[in-house]
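Enquirer: whatever this is, show me its structure:
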Amino acid sequence: MQWRVGLEGYEVRAAHGFYEFEHHAPQPFCFTVWATLDDRDDVSELDETLNYADIQITIDKVIHETDQPIRLMEEMAQQIIAILSEHSAVKSLSVRIEKPKAPLPHPGGLPVIEVLWQRT
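Expert: This is a model prediction of the structure:
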């Protein structure tokens, strides 16, 4: 069997972004993270899976425990992957970050990045 563990639609407010003015006031970022685990028939212990609470804790750590604003959502995703991929049961990760209040030239659209990481 293939097991997937995820956290969808987790919204965090933080002052990150490419532009200097984005560093002065928090704005929403919405995270969806899915982990595919190593193939196994059953999962009966917490250390055999990835606790979805750990996904939330990892996002909080990346977003709130930084000395400098993160300029790109791609960097946010890389930092999340760097932490979650340390768990030995994780075979792949999908990280999606939405930034609904991102500065755009005119109204419309939802800025988003998504990355898929696989253990090699």
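
Enquirer: all helices for the protein, in order.
Expert: Taking DSSP state H to define them, one finds helices in the chain at 52-64, 73-84.

Enquirer: and the last one, what's its mean pLDDT?
Expert: Averaged across helix 73-84, pLDDT comes to 98.

Enquirer: for it, packing partners?
Expert: Secondary-structure packing of helix 73-84 (3 or more Cβ pairs under 8 Å, 6 or more residues apart in numbering; DSSP states H and E): strand 27-37, helix 52-64, strand 90-98, strand 112-118. C-beta here means a position set from N, CA and C on the backbone, and glycine is covered the same way.

Enquirer: so which of the helices of the chain is the most surrounded?
Expert: Compared across the helices of the chain, helix 73-84 shows the largest average neighbour count, a mean of 18 (mean count of other Cβ atoms under 10 Å).

Enquirer: now the spatially closest residue to Glu114 that is not a sequence neighbour: how far from Ile59?
Expert: In space, and not counting its chain neighbours, Glu114 is closest to Arg96: 4.3 Å by Cβ to Cβ, 6 or more residues apart in numbering. The spacing between Arg96 and Ile59, counted by Cβ to Cβ, to the nearest Å, is 12 Å.

Enquirer: same deal with His23?
Expert: Counting by Cβ to Cβ - His23 and Ile59 are separated by 19 Å.

Enquirer: residues contacting Ser85?
Expert: By Cβ atoms under 8 Å, 6 or more residues apart in numbering, Ser85 lies in contact with Leu93, Trp117, Arg119.

Enquirer: meant to ask about Lys99, not that
Expert: Gly17, Gln27, Pro28, Phe29, Cys30, Met73, Pro111, Val112 are the contacts of Lys99 under Cβ under 8 Å, 6+ apart.
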